[in-house]
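> Would you be able to build a 3D model of this:
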Amino acid sequence: MRSFLAFALALAATAAGAEIPSGTHLLLRMQNSITTRTAKPGDYVYMQTGSPVSVDNAIAVPVGSHVQGVVTYAKRSGKVKGRAELAIRLETLTLPNGHQMKLQPRLASVESDANGQKIGDNEDHIKQGSSVGKDAKQIAIYAGSGAALGAIINREEGGNGALRGAGIGAGAGAAVGLATALLSRGDEVELRQGSSLDVVFDKPVTIE
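Model (predicted):
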């Protein structure tokens, strides 16, 4: 009962005719998941507001309002070069009372992941972080495994050149690691359900 009362009060306090000022930030949470692995221009993106917007001590945009956007650009990560990139344009805001309005805030920041996806130089483009460190680590792992294997084989064969065997194994392992890194795609941009985005209004928006 209390939650229903709070919801009703929030709707009553929604400031019709209020103007969301320029520079206002709004937290959004993803309602569906999207990734550059499968995304294509024209795909819809659905979100909900995770923070309210207050104007003149009244709630202009309550928490739980729906926001719809569309994918305008999607590029998969390349095998040799080229990072994954995703662009989203936000289009409509639907308040809990059913009122719908047009809006086009820009992405200010996006929830990162272990691979460091972030807003790129192009406005509203989310770009995946560099995979150079990951590739180097993979090559080092293969080289280390190859060195250990080379030393073992040399010792089992009764050879005295364990260091030579390790060196040969390390070289072979590094070659395998390099080939694997070159043939593997980099990480994709991925916005999972529940992940958050921060958007900002560059122009005032009037709630009619």
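> Break the protein into its domains for me.
Taking automatic domain parsing as the reference, the chain has its domains at 2-129+187-206, 132-183.
> Pick out the shakiest of these, pLDDT-wise.
For the domains of the chain, mean pLDDT drops lowest on domain 132-183, to a mean of 48.
> now the helices for this protein?
Under the criterion DSSP state H, the chain carries helices at the ranges 2-13, 132-156, 162-183.
> wouldn't K127 be in contact with V189 here?
Yes: applying Cβ atoms under 8 Å, one finds K127 in contact with V189, separated by 7.1 Å. Where C-beta positions appear, they are placed from N, C-alpha and C, glycine not excepted.
> more neighbours, these two?
Relative neighbour count places V189 above the other of K127 and V189, with 29 against 20, counting by other Cβ atoms under 10 Å.
> From G116, how far off is the more buried one?
Distance of V189 to G116, given as Cβ to Cβ, to the nearest Å: 11 Å.
> Give me the common contacts of the two.
Q128 (Cβ atoms under 8 Å, 6 or more residues apart in numbering).
> in stretch 24-44, what's buried?
Under the neighbour-count criterion of 16 or more other Cβ atoms under 10 Å, stretch 24-44 has 24, 26-30, 34, 36, 39 buried.
> Same check on stretch 86-103?
Buried residues in stretch 86-103 (16+ other Cβ under 10 Å): 86-88, 90, 93, 95-96, 103.
> So which of those residues is the closest to Y44?
I88 (10.0 Å; Cβ to Cβ).
> is the closest residue to that closest one other than its chain neighbours in a bridge, and if so with what?
Spatial nearest neighbour of I88, chain neighbours left out: G69 (4.9 Å); criterion: Cβ to Cβ, 6 or more residues apart in numbering. Judged by DSSP bridges, the bridge partners of G69 are V45, L90.
> Could you report the neighbour count for G69?
23.
> Verify the contact between it and G42 for me.
No: with contacts counted by Cβ under 8 Å, G69 stays clear of G42, the gap being 11.5 Å.
> Give me the residues contacting stretch 51-70.
10-11, 13-15, 18-21, 24, 26-28, 41-50, 88-96, 103, 207.
> switch to 7 Å and redo it
With Cβ atoms under 7 Å, 6 or more residues apart in numbering as the test, stretch 51-70 has contacts from 10, 13-15, 18-20, 24, 26-28, 42, 44-50, 88-96, 207.
> Quick check: the gap between K75 and A58.
42 Å.
> again but with Y73, I slipped
For Y73, the distance to A58 - Cβ to Cβ - is 37 Å.
> More neighbours: these two, which one.
Y73 (17 against 12).
> Find the nearest non-adjacent residue to that one, please.
A87 (3.7 Å).
> quick one: contacts for that neighbour?
Listed by Cβ under 7 Å, 6+ apart, the contact partners of A87 are 72-73, 124-125.
> could I get the residues you listed as JSON lines with distance to G64?
Converted to JSON lines, the contacts of A87 look like this (distance: Cβ to Cβ, whole Å):
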{"residue": "T72", "distance to G64": "26"}
{"residue": "Y73", "distance to G64": "29"}
{"residue": "D124", "distance to G64": "24"}
{"residue": "H125", "distance to G64": "28"}
